[in-house]
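Engineer: got a structure for you, letters missing:
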């Protein structure tokens, strides 16, 4: 079992399922200009550390040695800053949003579906990146994006990223697929053995496929769908449903299904591919020619933070080269700090996760919250908001 999955074993299924799961998207911060968040000002300078910081985080992001004595990047932070770390592990993006509204937490490691909601509601404060020295070394491809920036104002610090890949059984799926058509148009060839990610945001995967194969629909961003585009994406997934053997959210079950042959093709993450191959499953994965959806989590500051100075120190710490390298390896993702790649224990880690391969990421459409204002820049159309995606997903699964 690779090191990254030791984290998941220690903290349970929550590790990868929810850290990436819910909704998020791609593009530049200008595309989210349709949002009109409250006029909040970023902190202009750091003050005295308050002695503690209360965090909401995905499992595996804030490790203090309690799950594994060898995995601890919290203790040194506490020693260096005097900020005691108190962590609430969240099970979903919805839970993160609810917890942030209480005002009891200082910062959160939000996925894209949570981040725009927190910005729009005024629960997240703008972040002064000049107060975070390590931000300078964050990959440019993660800065000023739809899910962490609005109208040129930054609302968070990028943590890491990953792509949603196409995994297939190398013995049963031939020729090796290069397109998502193998799970959509050609899915019947593997009827009952196709697998898909169990989340409303998977609608974006169908939209991405249609964006490339049915250009007449006019889809420019898989998270900005007007009613016609949305209906077409939902219809494609309802057709696919007849070929689905299992929708997965538990990565361990996906590994098991590919090992047993119950699943032979479907969406996955690189860390799952690595684990399945380590367990001798005959699998490989590809970023298809149409591109893929993906995710990037962001550390965001609460607008009601009682300990903002410690929160700023934490955001700088978690993306510092050594710590960001530790988190990326433990969790199974590409780090956000470019200098982290020289510090990973596995010297092939950043290559495997395409950390510095910006051309690779240009084909990845990061999860972004679908909102009524079309984030693809259209002003003459109304897009389908995420609540409708949730309703449709129930219908798709029957």
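Structural biologist: Great, that's in hand. As the structure is a prediction and not an experimental result, all values here were calculated from the model.

Engineer: what ranges of this protein fall below the confidence cut-off?
Structural biologist: 1-34 (pLDDT under 70).

Engineer: Show me the residue at the heart of it, geometrically.
Structural biologist: The residue lying closest to the centre of the chain (CA atoms, centre = their mean) is residue 295, at 2.7 Å.

Engineer: which SS class is it?
Structural biologist: Residue 295 falls in the strand class when you classify it by DSSP: H, G, I helix; E, B strand; the rest coil.

Engineer: so it touches residue 158, yeah?
Structural biologist: No. In this structure, residue 295 is not within contact of residue 158 by CB atoms under 8 Å, at 11.2 Å. In this view, the C-beta of every residue, glycine as well, is placed from N, C-alpha and C.

Engineer: if we can go back for a sec, for beta bridges, what are the partners of the residue nearest to the centre of the chain?
Structural biologist: Beta-bridge partners for residue 295, by DSSP bridges, are residue 162.

Engineer: Next one: it from residue 171, what distance?
Structural biologist: 30 Å (CB to CB, to the nearest Å).

Engineer: Ok, residue 157 next?
Structural biologist: 43 Å.

Engineer: distance between the ends of stretch 271-290?
Structural biologist: Using CA to CA, to the nearest Å, the end-to-end distance of stretch 271-290 comes to 21 Å.

Engineer: any chance you could map the strands in the stretch 151-300 of the chain?
Structural biologist: Using DSSP state E, counting those that start in this stretch, the strands found in the stretch 151-300 of the chain span residues 153-154, 157-169, 194-197, 244-248, 265-269, 283-286, 292-302.

Engineer: For the last one, buried residues please.
Structural biologist: For strand 292-302, the buried set under the neighbour-count rule, 16 or more other CB atoms under 10 Å, comprises 292-302.

Engineer: biggest helix in this structure by residues?
Structural biologist: In the chain, taking DSSP state H as the definition, the longest helix is helix 227-241.

Engineer: Tell me which other helices or strands it touches.
Structural biologist: Here helix 227-241 touches helix 203-213, helix 386-397, going by 3 or more CB pairs under 8 Å, 6 or more residues apart in numbering; DSSP states H and E.

Engineer: mind redoing it with 10 Å?
Structural biologist: strand 194-197, helix 203-213, helix 386-397 (3 or more CB pairs under 10 Å, 6 or more residues apart in numbering; DSSP states H and E).

Engineer: Overlap in contacts, residue 295 and residue 158.
Structural biologist: residue 147 (CB atoms under 10 Å, 6 or more residues apart in numbering).

Engineer: List the residues that contact the closest residue to residue 100 other than its chain neighbours.
Structural biologist: Spatially, and ignoring its direct neighbours in sequence, residue 100 is nearest to residue 123 (4.8 Å; CB to CB, 6 or more residues apart in numbering). Counting by CB under 10 Å, 6+ apart, residue 123 touches 37-38, 97, 99-103, 105, 108, 114, 117, 300, 302-304.

Engineer: Inside strands: which ones of those residues?
Structural biologist: 108, 300, 302 (DSSP state E).

Engineer: got CSV for those, with distance to residue 181 too?
Structural biologist: Below are the ones in strands among the contacts of residue 123 laid out as CSV (distance: CB to CB, whole Å):
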residue, distance to residue 181
108, 38
300, 37
302, 44
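
Engineer: Could you dump the strands of the stretch 151-300 of the chain into a markdown table with distance to residue 387 added?
Structural biologist: Output for the strands of the stretch 151-300 of the chain, formatted as a markdown table (distance: least, CB to CB, whole Å):
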| stretch | distance to residue 387 |
| --- | --- |
| strand 153-154 | 25 |
| strand 157-169 | 22 |
| strand 194-197 | 19 |
| strand 244-248 | 20 |
| strand 265-269 | 23 |
| strand 283-286 | 32 |
| strand 292-302 | 19 |
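
Engineer: For residue 211, give me its contacts.
Structural biologist: Neighbours of residue 211 in contact, by CB under 10 Å, 6+ apart: 204, 217-222, 225, 229, 233, 290-291, 365.

Engineer: Quick one: buried ones out of these?
Structural biologist: Buried among the contacts of residue 211 by 16+ other CB under 10 Å: 204, 217, 219-222, 225, 229, 233, 290-291, 365.

Engineer: mind listing the helices in the chain by residue range?
Structural biologist: Using DSSP H, helices in the chain cover 3-11, 14-19, 75-81, 93-101, 112-121, 203-213, 227-241, 251-260, 270-278, 308-318, 321-331, 349-352, 358-361, 386-397.

Engineer: related to what we said a few turns ago, my read: the residue nearest to the centre of the chain touches residue 160, true?
Structural biologist: Yes. Look at residue 295 against residue 160 with CB atoms under 10 Å: they come within range, at 8.9 Å.

Engineer: picking that back up, closest one of the contacts of residue 123 to residue 262?
Structural biologist: Taking CB to CB as the measure, residue 262 lies nearest residue 114 of the contacts of residue 123, at 32.3 Å.

Engineer: And for that closest one, nearest residue in space, chain neighbours not counted?
Structural biologist: residue 93 (4.0 Å).

Engineer: Distance of the closest residue to residue 195 other than its chain neighbours relative to residue 206?
Structural biologist: Nearest residue to residue 195 in three dimensions, chain neighbours excluded: residue 266, at 3.3 Å (CB to CB, 6+ apart). Residue 266 sits 13 Å away from residue 206, going by CB to CB.

Engineer: now residue 251
Structural biologist: 21 Å.

Engineer: Neighbour count: those two, which is higher?
Structural biologist: Of the pair residue 251 and residue 206, residue 206 is the one with more neighbours under other CB atoms under 10 Å, namely 26 against 22.

Engineer: list the contacts for that one?
Structural biologist: 180, 183-184, 196, 222, 225, 230, 232-240, 396.
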